[in-house]
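Q: Dropping a prediction and its sequence here:
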Amino acid sequence: MATTMAMRRSTRSAYNYLRRCYSSECVPDRKVTILGAAGGIGQPLALLMKLNPLVSSLSLYDIAGTPGVAADCSHVNTRSQVVGYMGEEQLGKALEGSDIVIIPAGVPRKPGMTRDDLFNINAGIVKSLCTAIAKHCPNALVNMISNPVNSTVPIAAEVFKKAGTYDEKKLFGVTTLDVVRAKTFYAGKAKVPVQEVNVPVVGGHAGITILPLFSQAVPKSSSLSDNDIKALTKRTQDGGTEVVEAKAGKGSATLSMAYAGAFFADACLKGLNGVPDVVECSFVQSNITELPFFASKVKLGRNGVEEVLGLGSLSDFEQQGLESLKPELKASVEKGIKFAKDS
């Protein structure tokens, strides 16, 4: 609750900042589209975006069930106007004029299923949706939630390249849930207020490719041992599996993922609107390692990515983790690129 309220205060602060920057009471109109809005992540994500005062138009799309979700959301007394679209024939209309497109579409993980097991199903969905984005809103920021993010982001990049619309500054893999988990777990172990915690998470968005940098955590804690840090790292990496197993075959991380997706979309909106010093972690095209895509801190601005920030100083344990994750992340990226080129 404290973290949610902190995000709401931050968004309201940004809203008031923008009102001061513009002569009228209104901030710039922004259209956000959610692809997969009737799903387990999509529905709570739609509600959270409806609550965001920076959104003026909320477009909800799915292959079925969207009109009901849209009607439900539309009754919430906030600024944005909500419209629901259903079926492939309405996808283009849903996307037209979008500033940000958030993609949680796809199937969730089940017990025993890895993110790679999702690949064959979700890769095709992502390719189809990104083809439509390239046609109907090529300048939108694209926030990819659909797993496996380590592969779906490269797929999206290849689709946009083929369409001649690719802009590396506007394609993001949403790894914010890893940051949210790292903050939560660290705060609990270090016994510090969670709303004051920040922990950068780099690498990718699956298993050992997730590398939380607890050595850079704020506030610093002198009470955590090396074993504590290793355990926190492992729990952050296995956070998705923890939820899948707790739900006993009936779902994966939906509420926490929706919160993380809304948090990152909010950061993108602030950047688009000129709010200064907006920095979040994201999986983007990068040259800070030898890998073509990598998650790290990113400065957001009016054109999307303003700057991909470096890793900073790493502990020996983190440096070892960085070297260990590279082969797996490289293989996942190459798998996505191959799929996009061959299919």
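A: Thanks, I have the structure now. Residues are numbered from 1 along each chain as shown.

Q: In which helix or strand does residue 211 reside?
A: In this structure, residue 211 sits in strand 210-212 according to DSSP states H and E.

Q: Which residues does that strand contact?
A: Applying Cβ atoms under 8 Å, 6 or more residues apart in numbering, the external contacts of strand 210-212 come out as 175, 178, 182, 186, 199-204, 232-233, 236-237, 318, 321-322, 325. (C-beta placed from N, C-alpha, C; glycine too.)

Q: go again using 7 Å as the cut-off
A: 178, 182, 199, 201-204, 233, 236-237, 318, 321-322, 325 (Cβ atoms under 7 Å, 6 or more residues apart in numbering).

Q: ok so residue 279 is a helix residue?
A: No - the assignment for residue 279 (DSSP: H, G, I helix; E, B strand; the rest coil) gives strand, which keeps it out of a helix.

Q: Was I right to think it contacts residue 297?
A: Yes - counting by Cβ atoms under 7 Å, residue 279 does reach residue 297; the two are 5.5 Å apart.

Q: which of those two has more neighbours?
A: Ranked by neighbour count (other Cβ atoms under 10 Å), residue 279 and residue 297 place residue 297 first, with 21 against 16.

Q: For that one, give me its contacts.
A: Taking Cβ under 7 Å, 6+ apart as the test, what residue 297 contacts is 200, 279, 281, 309.

Q: hey, which helix or strand in this protein has the poorest pLDDT?
A: helix 2-21 (a mean of 62; mean pLDDT, DSSP states H and E).

Q: Which parts of the stretch 1-150 of the chain are helices?
A: 2-21, 42-50, 66-74, 91-95, 119-136, 149-163 (DSSP state H, counting those that start in this stretch).

Q: would you list these in TSV and tack on mean neighbour count and distance to residue 259?
A: Compiled in TSV, the helices of the stretch 1-150 of the chain are given as follows (neighbours: other Cβ atoms under 10 Å; distance: least, Cβ to Cβ, whole Å):
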stretch	mean neighbour count	distance to residue 259
helix 2-21	15	7
helix 42-50	24	7
helix 66-74	18	16
helix 91-95	20	23
helix 119-136	19	21
helix 149-163	24	17
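
Q: Of those, which is nearest residue 103?
A: helix 119-136 (6.0 Å; Cβ to Cβ).

Q: for that closest one, the distance to its chain's centre please.
A: In terms of Cα atoms, centre = their mean, to the nearest Å, the centre of helix 119-136 is found 17 Å from the chain centre.

Q: What mean pLDDT does it get?
A: Averaged across helix 119-136, the pLDDT comes to 95.

Q: hmm, who's touching that helix?
A: 35, 91-92, 95-96, 101, 103, 105-107, 140, 142, 146-148, 151-152, 155-156, 159-160, 163, 165, 339-340, 343.

Q: what about 8 Å?
A: Counting by Cβ under 8 Å, 6+ apart, residues outside helix 119-136 touching it are 35, 91-92, 95-96, 98, 101, 103, 105-107, 140, 142, 144, 146-148, 151-152, 155-156, 159-160, 163, 165, 335-336, 339-340, 343.

Q: What is the neighbour count of residue 341?
A: Residue 341, neighbours per other Cβ under 10 Å, totals 11.

Q: Give me the nearest residue to it, chain neighbours excluded.
A: residue 158 (6.2 Å; Cβ to Cβ, 6 or more residues apart in numbering).

Q: Could you check the pLDDT of that neighbour?
A: On the pLDDT scale, residue 158 gets 98.

Q: Show the contacting residues for it.
A: Counting by Cβ under 8 Å, 6+ apart, residue 158 makes contact with 336, 337, 340, 341.

Q: show me where pLDDT drops low in the chain?
A: For the chain, the stretches with pLDDT under 70 are 1-26, 109-111, 113-116.

Q: Give me the most central residue, it.
A: Closest residue to the average C-alpha location of the chain: residue 174 at 2.1 Å, with Cα atoms, centre = their mean.

Q: ok, and for the helix or strand residue 341 falls within, which residues are buried?
A: Assessed by DSSP H and E, residue 341 sits inside helix 316-342. For helix 316-342, the neighbour count (16 or more other Cβ atoms under 10 Å) marks 318, 321-322, 325-326, 328-330, 332-333, 335-337, 339-340 as buried.

Q: Over to stretch 240-253?
A: Here stretch 240-253 shows 240, 241, 243, 244, 247, 251, 252, 253 as buried, counting by 16+ other Cβ under 10 Å.

Q: Residue 330 and residue 154, how far apart?
A: 11 Å (Cβ to Cβ, to the nearest Å).

Q: Show me the common contact partners of those two, please.
A: Counting by Cβ under 8 Å, 6+ apart, nothing touches both residue 330 and residue 154.

Q: still on that earlier bit, who wins on neighbours among the contacts of residue 297?
A: That'd be residue 281 among the contacts of residue 297, by other Cβ under 10 Å, with 26 neighbours.

Q: So it sits against residue 202, correct?
A: Yes - the pair formed by residue 281 and residue 202 meets the contact definition of Cβ atoms under 8 Å, at 6.9 Å.

Q: what's the overlap in contacts for those two?
A: 295, 296, 297.
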